[in-house]
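**Student:** just the structure for this:
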Amino acid sequence: MAPEIIDRGPRGYGAPADIWSLGCTIIEMATSRPPFHELGEPQAAMFKVGMFKIHPEIPETLSAEARAFVLSCFEPDPHKRVTAAGLLQEGFLRQVNKGKKNRIAFNNSEHGSVSPDSDAQPYVFFEKSPPPTHRLSHLLSVPDESSASEDQSAASSLEDRDPGLFLLRKDSERRAILYRILWEQRNQVASNLQECVAQSSEELHLSVGHIKRIIAILRDFIHCPEHRVMASTISKLKVDLDFDSSSINQIHLVLFGFQDAVNKILRNHLIRPHWMFAMDNIIRRAVQAAVTILIPELRAHFEAASETEGVDKDTDEAEEHYPPADPRGSEAQAACGWSGPVPAVAREAQPQQLHQQHLSLQLSKLRQETNRLLEHLVQKERDYQNLLRQTLEQKTQELYHLQLQFKSNEITENSASPPRSYGQRTDTELVDWLQLQGADTKTTEKILEEGYTLSDILNDITKEDLRYLRL
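**Tutor:** Numbering: from 1, shown residues only. Next up, the predicted model:
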């Protein structure tokens, strides 16, 4: 992928980007390995090319002429990069072998040059063109600039008539391709999603059938974007899961991993990069629609993001469907140096992927912190229970000792005071008078214990004395 594509996205596509892709293709053909294969991850190569404008390593086994030819394709500045006409003047293409000049021939039907006929077929990326019956009649030398411009004008004539209808037809074709892939390779997509959920969750609550139902929901939305239909099918799925929170959380994981799972499948197909970018947007919108149905609070966030990228999307699609001057640029774009097409350009996919990795890292840290807090909470709960048990035991012991002390004091008082005999200090007249007044036995005993007589009660006792007796 050329540096200007990584920097500017689809707006960077053009003839200079095709020249860079041609150099990558030659290196891959010469080494049988994609450029930057030693880095392992495509993201690392995109960073290296986009940030430092470094081209792939040119094999030492090539001749000096071939190495100079390939090196001329890797000029960092697209305005200074050699053109197709300049490459045709290179000595590498003008070598003479046994007195005969080698001619480079192109077969339009075999190499899939850009034309309205090829674009009109939805599955042109998945089927090989049949071999031509009259091969010699199709062998053409490299066209000059005038013939290339004529081909370009013929290819864009349909677009000039009705650009809106052309864009609509392209979008319909992409949706048809995605629908076919998701239908034919649904088992592989489900397997990729199972791996994604297994990496993010301890226990898998969703069955393979549930995952395939989610794939079918997204696939039908991609084919025909009806929000009401999607909301109805998601509601049925939640009912089948008995609204289990763990299962619904794993539905979120499946939705967030759906884009990467499908991109793994799409890498195995020959899809042009700008088509891949548009398909990536279609998949993302389907996922966003499902997420907003499950989590309505995120609707405002997704709507704001859609408004931000709306203008860029229109510009990108307009530039996508008006090809550069070289009609064979799409073939070089499809082979831009990777073993499979890149899921999206760096302007969109790279920040998204880094954002997803950042969110996954944050989710992992949150899980670890949650587990730590749960362990801390369990330990504190155990300490609290032990403290409560000790407190209860201590209070039980204190209560037991108080009961023993109360019983011992009661026994001591009973033994210290001899049984009262009303015969010793009893004033019979006082007892009779108190009974006539309605005094109970306890009140009578308290008055007799103080040694009062009937005369004292009637003549000498005051209210203060009675209050002292607590009658």
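
**Student:** any idea of the mean pLDDT for the helix of greatest length in the chain?
**Tutor:** For the chain, the longest helix by residue count, based on DSSP state H, is helix 349-416. Taken as a whole, helix 349-416 has an average pLDDT of 79.

**Student:** point out where the stretch 201-350 of the chain drops to low pLDDT.
**Tutor:** Along the stretch 201-350 of the chain, the model assigns pLDDT under 70 to residues 201-202, 300-350.

**Student:** redo that, cut-off 50
**Tutor:** By pLDDT under 50, the low-scoring segments of the stretch 201-350 of the chain are 308, 310-349.

**Student:** tell me which stretches of the stretch 1-150 of the chain form helices.
**Tutor:** 3-8, 15-31, 42-52, 64-71, 84-88, 108-111, 116-120, 135-138, 145-155 (DSSP state H, counting those that start in this stretch).

**Student:** could you tell me the least trusted of those?
**Tutor:** If you rank the helices of the stretch 1-150 of the chain by mean pLDDT, helix 135-138 sits at the bottom with a mean of 35.

**Student:** which helices and strands sit right next to the helix or strand hosting Ile181?
**Tutor:** Taking DSSP states H and E as the criterion, Ile181 maps to helix 163-184. With contacts defined as 3 or more C-beta pairs under 8 Å, 6 or more residues apart in numbering; DSSP states H and E, helix 163-184 has these neighbours: helix 116-120, helix 208-223, helix 245-266, helix 273-294, helix 299-320. From N, CA and C alone the C-beta is placed, and that goes for glycine too.

**Student:** now the second one: buried residues?
**Tutor:** Right, the one you point to is helix 208-223. Within helix 208-223, the residues that count as buried by 16 or more other C-beta atoms under 10 Å are 210-215, 217-223.

**Student:** ok, then the element right after that helix?
**Tutor:** Counting by DSSP H and E, the element after helix 208-223 in chain order, helix or strand, is helix 227-240.

**Student:** buried stuff in that next one?
**Tutor:** Result for helix 227-240 [16+ other C-beta under 10 Å]: buried residues 230-231, 233-234, 237.

**Student:** and the contacts of it?
**Tutor:** With C-beta atoms under 8 Å, 6 or more residues apart in numbering as the test, helix 227-240 has contacts from 210, 213-214, 216-217, 220-221, 248, 251, 289-290, 293-294.

**Student:** how about these, which pair is most distant?
**Tutor:** Using C-beta to C-beta, these span at most 20.2 Å, a distance reached by Asp220 and Ile248.

**Student:** can I get the contacts of helix 227-240 in JSON lines with distance to Thr441?
**Tutor:** JSON lines is the format used below for these (distance: C-beta to C-beta, whole Å):
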{"residue": "His210", "distance to Thr441": "82"}
{"residue": "Arg213", "distance to Thr441": "86"}
{"residue": "Ile214", "distance to Thr441": "86"}
{"residue": "Ala216", "distance to Thr441": "91"}
{"residue": "Ile217", "distance to Thr441": "88"}
{"residue": "Asp220", "distance to Thr441": "93"}
{"residue": "Phe221", "distance to Thr441": "92"}
{"residue": "Ile248", "distance to Thr441": "75"}
{"residue": "Ile251", "distance to Thr441": "80"}
{"residue": "Ala289", "distance to Thr441": "89"}
{"residue": "Ala290", "distance to Thr441": "86"}
{"residue": "Ile293", "distance to Thr441": "83"}
{"residue": "Leu294", "distance to Thr441": "80"}
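
**Student:** just the mean pLDDT for the helix holding Ile181, thanks.
**Tutor:** 81.

**Student:** got the angle for it vs helix 208-223?
**Tutor:** Between helix 163-184 and helix 208-223, the angle comes out at 170 degrees (axes from the mean of the first three to the mean of the last three C-alpha atoms, to 10 degrees).

**Student:** alpha carbons of the following helix or strand past helix 163-184, as CSV, please.
**Tutor:** Using DSSP H and E, the helix or strand that follows helix 163-184 in sequence is helix 186-200. Provided in CSV are the C-alpha atoms of helix 186-200 (Å, rounded to 0.1, in the frame of the first residue of the first chain):
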residue,chain,number,x,y,z
ARG,A,186,-21.3,-18.9,8.1
ASN,A,187,-19.7,-21.9,9.8
GLN,A,188,-16.3,-20.3,9.5
VAL,A,189,-17.6,-17.0,10.8
ALA,A,190,-19.2,-18.7,13.7
SER,A,191,-16.0,-20.5,14.5
ASN,A,192,-14.1,-17.2,14.5
LEU,A,193,-16.7,-15.6,16.8
GLN,A,194,-16.5,-18.6,19.2
GLU,A,195,-12.7,-18.0,19.4
CYS,A,196,-13.3,-14.3,20.1
VAL,A,197,-15.9,-15.0,22.8
ALA,A,198,-13.7,-17.7,24.4
GLN,A,199,-10.8,-15.2,24.6
SER,A,200,-12.9,-12.6,26.3
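
**Student:** flag every buried residue along helix 186-200.
**Tutor:** Buried residues in helix 186-200, counted by 16+ other C-beta under 10 Å: 186, 188-190, 192-194, 196-197, 200.

**Student:** pLDDT check: weakest of these?
**Tutor:** Ranked by pLDDT, those bottom out at Ser200, which scores 71.

**Student:** for that one, what are its contacts?
**Tutor:** Per C-beta under 8 Å, 6+ apart, neighbours of Ser200: 253, 257, 360, 363.

**Student:** ok, now how distant is the second one from Leu165?
**Tutor:** Summarising the geometry, the distance separating Gly257 from Leu165, computed by C-beta to C-beta, to the nearest Å, is 36 Å.

**Student:** out of those two, which sits in the more crowded spot?
**Tutor:** Legend: neighbour count by other C-beta atoms under 10 Å for Gly257 and Leu165, higher for Gly257 (21 against 11).

**Student:** check contacts around the closest residue to that one other than its chain neighbours.
**Tutor:** The shortest distance from Gly257 to any non-neighbouring residue, by C-beta to C-beta, 6 or more residues apart in numbering, is to Cys196 (3.5 Å). Residues near Cys196 by C-beta under 8 Å, 6+ apart: 253-254, 257, 260-261.
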